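Student: Show me how the following folds:
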Amino acid sequence: MTERELQKRLNHVWEQKAKAVAEVGRLESEVSKAINRSKAIGKRELELIFGLA
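Tutor: Down below sits the predicted model:
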C-alpha cells in the first residue's frame, strides 16, 4: 500500500470510530432516560398502592 492509501484507510477508521463513539453516547442517553422513566413509574405505582398520592 502506498502512503496515500494508508492515510485514506486511517482516516476511514477514525471516521468509523467517531461514529461509534457518538452512537454509544446516544444509546447511553436512551438507557438513562428509560431508567428514569422506570423509576418514575415505580414511584407512582407505590404511591397509588399505599395511598400516598
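Student: and the residue nearest the centre of the chain, what pLDDT?
Tutor: Central residue of the chain (CA atoms, centre = their mean): L27, 1.7 Å from the mean position. pLDDT, L27: 97.
Student: low-confidence ranges in this structure?
Tutor: Low-confidence segments of the chain (pLDDT under 70): 53.
Student: ok, the residue nearest to L52 when sequence neighbours are not counted - how many residues close by?
Tutor: Nearest residue to L52, sequence neighbours excluded (CB to CB, 6 or more residues apart in numbering): L46, at 7.3 Å. In short, each C-beta sits where N, CA and C put it, glycine included. Using other CB atoms under 10 Å, L46 has 11 neighbouring residues.
Student: Distance of L46 relative to S38?
Tutor: According to CB to CB, to the nearest Å, L46 stands 13 Å off from S38.
Student: circling back: may I ask which helix or strand encompasses the residue nearest to L52?
Tutor: Per DSSP states H and E: L46 is located in helix 3-49.
Student: Against which helices or strands is that helix packed?
Tutor: Using 3 or more CB pairs under 8 Å, 6 or more residues apart in numbering; DSSP states H and E as the contact test, no helix or strand touches helix 3-49.
Student: from the middle of its chain, how far away would it be?
Tutor: Mean-position distance between helix 3-49 and its chain equals 1 Å (CA atoms, centre = their mean, to the nearest Å).
Student: Equivalent analysis for stretch 39-53, please.
Tutor: Centroid separation for stretch 39-53 versus its chain: 28 Å, with CA atoms, centre = their mean.
Student: Run through who's touching that stretch.
Tutor: By CB atoms under 8 Å, 6 or more residues apart in numbering, no surrounding residue is in contact with stretch 39-53.
Student: how many neighbours does K17 have?
Tutor: Per other CB under 10 Å, the neighbour tally for K17 reads 10.
Student: ok, now E23?
Tutor: Neighbours of E23 under the rule other CB under 10 Å: 10.
Student: how close does it sit to K17?
Tutor: Separation of E23 from K17 (CB to CB): 11 Å.
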